[in-house]
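Undergrad: any chance you can model this:
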Amino acid sequence: MLDLERKAMGTILFLIIIMSGFSINALISRIAHEKSKDIGILKAIGATNGLILRIFLFIGLVVSLIGSIFGLIVSILILQYIDNIISLLNKLLNLEFLSLDNFYFETIPVVYSFKSIIIIISSTILCSIICSIVPAIRASRMSPVVLVSYE
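TA: Numbers count the residues shown, from 1 in each chain. Got it, this is the predicted structure:
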């Protein structure tokens with residue numbers, strides 16, 4: 001049963017990481033569209049396609065690092081105070097099924113796995129970089145003449 005729960009949680013986590021990748025893709029596309037005139041100016045003064053590509057990939061990397069660190073901190077805080085959170089939810093929402101009396105333990109066991117944390121953060125950053133590639137390539141291939149005259 002525990003193995004099934006781990007597989008289910010892994011699948012859910014995978015889907016969350018993929019959705020965050022799509023969000024970063026949309027964010028980078030939006031930034032490229034909003035900064036199209038700036039990209040045109042950079043290219044007009046000699047910036048290469050590779051430089052523009054690296055700028056947008058760096059933005060994707062920074063966003064994923066900030067999101068991963070924030071997510072890690074929030075997750076650790078939630079796990080640290082999970083018993084208090086459940087008690088508060090029971091009182092606020094008047095839910096009996098979340099009561100610790102219904103379980104066979106006094107506190108919810110929490111295990112931190114450094115290996116799992118590294119794998120999750122690494123896969124999140126990798127997915128974000130991969131999802132940043134397409135909008136970064138599109139931004140780097142824009143024509144400077146069209147970009148400057150567009151606005």
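Undergrad: and the closest residue to Leu79 other than its chain neighbours, how far is that from Ile120?
TA: Closest residue to Leu79 apart from its sequence neighbours, by C-beta to C-beta, 6 or more residues apart in numbering: Val110 at 4.7 Å. Backbone N, C-alpha and C define where each C-beta goes, glycine included. For Val110, the distance to Ile120 (C-beta to C-beta, to the nearest Å) stands at 16 Å.
Undergrad: so which of those two has more stuff around it?
TA: Between Val110 and Ile120, counted using other C-beta atoms under 10 Å, the more crowded position is Ile120 (20 against 11).
Undergrad: now do the SS call for the more buried one.
TA: Taking DSSP: H, G, I helix; E, B strand; the rest coil as the rule, one finds Ile120 in the helix state.
Undergrad: surely it and Leu13 touch.
TA: Yes: if you go by C-beta atoms under 8 Å, Ile120 and Leu13 touch, sitting 6.8 Å apart.
Undergrad: contacts only, for Val145.
TA: Gly40 (C-beta atoms under 8 Å, 6 or more residues apart in numbering).
Undergrad: so where does it fall, helix or strand?
TA: Assigned by DSSP states H and E, Val145 falls within helix 144-150.
Undergrad: separation between the residue nearest the centre of the chain and Ile41?
TA: Centroid check for the chain by C-alpha atoms, centre = their mean gives Ser20 as the closest residue, at 4.4 Å. For Ser20, the distance to Ile41 equals 31 Å [C-beta to C-beta].
Undergrad: swap in Thr48?
TA: From Thr48 to Ile41 the distance is 14 Å (C-beta to C-beta).
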